[in-house]
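Colleague: Any chance you can model this:
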Amino acid sequence: MQSSTGGLTVRGDLIAALGFSAVLFFGAVLVGSWPSATVPRVLSVFIKPDTVYPLYGFHYAAHRVIAGWAGRSS
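Modeller: Residues are numbered from 1 along each chain as shown. Below is the predicted model of the structure:
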C-alpha cells in the first residue's frame with residue numbers, strides 16, 4: 001500500500017510483514033513435518049521384530065534415529 005506521496009505506509013509494511021511471516025511459518029511447519037513422518041518409516045525397513053542386533057552397529061543407530069524422530073523412548 002502506498003500513500004499519496006508514493007511511499008509505503010506503516011500499515012502496508014505491517015500487512016506485508018504479517019503475510020511474509022505467515023507464509024514462512026506455515027511453510028516451515030509443512031517442510032519440517034515431512035521428515036518426521038518419513039524418516040522413521042524408511043528406517044524401519046532395516047529393523048526386524050524379535051531380532052537381536054549388535055550394540056552400536058548400523059541397526060542400533062537406525063533404531064535410535066527411529067526412536068528419536070518418532071518421539072518414543074527405547
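Colleague: what's the burial count for residue 66?
Modeller: Per other Cβ atoms under 10 Å, the neighbour tally for residue 66 reads 19. C-beta coordinates here come from the backbone N, C-alpha and C atoms, glycine included.
Colleague: next one: residue 40
Modeller: 19.
Colleague: next one: the one 5 residues further on
Modeller: For residue 45, the number of neighbouring residues by other Cβ under 10 Å comes to 8.
Colleague: so where's the protein shaky on pLDDT?
Modeller: Applying pLDDT under 70 to the chain flags residues 1-8, 72-74.
Colleague: Sticking with the residue nearest the centre of it, tell me its helix or strand.
Modeller: The chain has residue 32 as the residue nearest its centroid, 1.4 Å off, counting by Cα atoms, centre = their mean. In the assignment (DSSP states H and E), residue 32 maps to helix 10-43.
Colleague: in the helix or strand following that helix, what counts as buried?
Modeller: Moving toward the C-terminus from helix 10-43, the next helix or strand (DSSP H and E) is helix 58-70. Buried residues in helix 58-70, counted by 16 or more other Cβ atoms under 10 Å: 59, 62, 63, 66, 69.
Colleague: For the residue lying closest to the first one once chain neighbours are set aside, give me the backbone phi and psi.
Modeller: This means residue 59. In space, and not counting its chain neighbours, residue 59 is closest to residue 53: 3.8 Å by Cβ to Cβ, 6 or more residues apart in numbering. In terms of degrees, to the nearest 10, the main-chain angles of residue 53 are phi -110, psi 150.
Colleague: Can you tell me which of the buried residues of helix 58-70 lies closest to residue 37?
Modeller: Using Cβ to Cβ, residue 69 is the member of those that lies nearest residue 37, at 9.0 Å.
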